[in-house]
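Enquirer: Please find the sequence and the predicted model below.
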Amino acid sequence: MAVILDEAPADAGAREALLDRAFGAGRFTKTCERLREGRIPASGLALKAVDETGRMIGTLRFWHVTIGTERPALMLGPLAVESASREGGVGSSLMRAGLARAAALGHDAVILVGDRPYYERFGFSGEATAELEMPGPVERDRFLALELKAGALAGASGEVRGAGAVAFAPRKSVKDRVAARAA
């Protein structure tokens, strides 16, 4: 049985290795990465799932974004679970814990780009993203949102932009990270 905990700075290596196994080097080329790049996750919203040995088997993070000129929201992602643990409900546990925590912290809405059938079970839909734009290519059918507070995305329109705290150390460029992972 997995336990959901806060991610710690010491978890960075295990998290990156898990994300590499789950998504490969192509993850650095995705539009959502542009919104995360150079930023730190929203406070209290970087979670991990560990197994009975304490090994990280899942990760979920939320990031601050702004919709349009000044409407704040969170962007969920990435959510990743070790392949051997995917049938055990680890991803669902991370999702429920993360969304509950985001609501408890007073956040109004969450957007993501992901598998519609998976995320619909948590209340996500494409209706509220119809008038939103990402800063790069995205499959519209995978661009979803969830209101944590009723009406939070009513009339929302415009481009989604990264917001929130900037990391202290500059991150390597996408090209450099992809090349390093491929080496």
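Expert: Yep, that arrived.
Enquirer: wait, is E33 part of a strand?
Expert: No. Applying DSSP: H, G, I helix; E, B strand; the rest coil, one finds E33 to be helix, outside a strand.
Enquirer: my guess is it meets R27, correct?
Expert: Yes. Counting by Cβ atoms under 8 Å, R27 is a contact partner of E33 at 6.7 Å. For the C-beta atoms, the positions are set from N, CA and C on the backbone; glycine is no exception.
Enquirer: Run through who's touching stretch 162-169.
Expert: With contact meaning Cβ atoms under 8 Å, 6 or more residues apart in numbering, stretch 162-169 is reached by 34-40, 42-43, 63-66, 72.
Enquirer: With pLDDT, secondary structure and distance to L19 as added columns, please give those in JSON lines.
Expert: Formatted as JSON lines, those follow (pLDDT from 0 to 100; DSSP: H, G, I helix; E, B strand; the rest coil; distance: Cβ to Cβ, whole Å):
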{"residue": "R34", "pLDDT": "80", "secondary structure": "helix", "distance to L19": "16"}
{"residue": "L35", "pLDDT": "84", "secondary structure": "helix", "distance to L19": "16"}
{"residue": "R36", "pLDDT": "83", "secondary structure": "helix", "distance to L19": "11"}
{"residue": "E37", "pLDDT": "83", "secondary structure": "coil", "distance to L19": "14"}
{"residue": "G38", "pLDDT": "82", "secondary structure": "coil", "distance to L19": "17"}
{"residue": "R39", "pLDDT": "88", "secondary structure": "strand", "distance to L19": "16"}
{"residue": "I40", "pLDDT": "91", "secondary structure": "coil", "distance to L19": "16"}
{"residue": "A42", "pLDDT": "95", "secondary structure": "coil", "distance to L19": "18"}
{"residue": "S43", "pLDDT": "95", "secondary structure": "coil", "distance to L19": "21"}
{"residue": "W63", "pLDDT": "93", "secondary structure": "strand", "distance to L19": "14"}
{"residue": "H64", "pLDDT": "94", "secondary structure": "strand", "distance to L19": "20"}
{"residue": "V65", "pLDDT": "94", "secondary structure": "strand", "distance to L19": "19"}
{"residue": "T66", "pLDDT": "93", "secondary structure": "strand", "distance to L19": "25"}
{"residue": "P72", "pLDDT": "95", "secondary structure": "strand", "distance to L19": "26"}
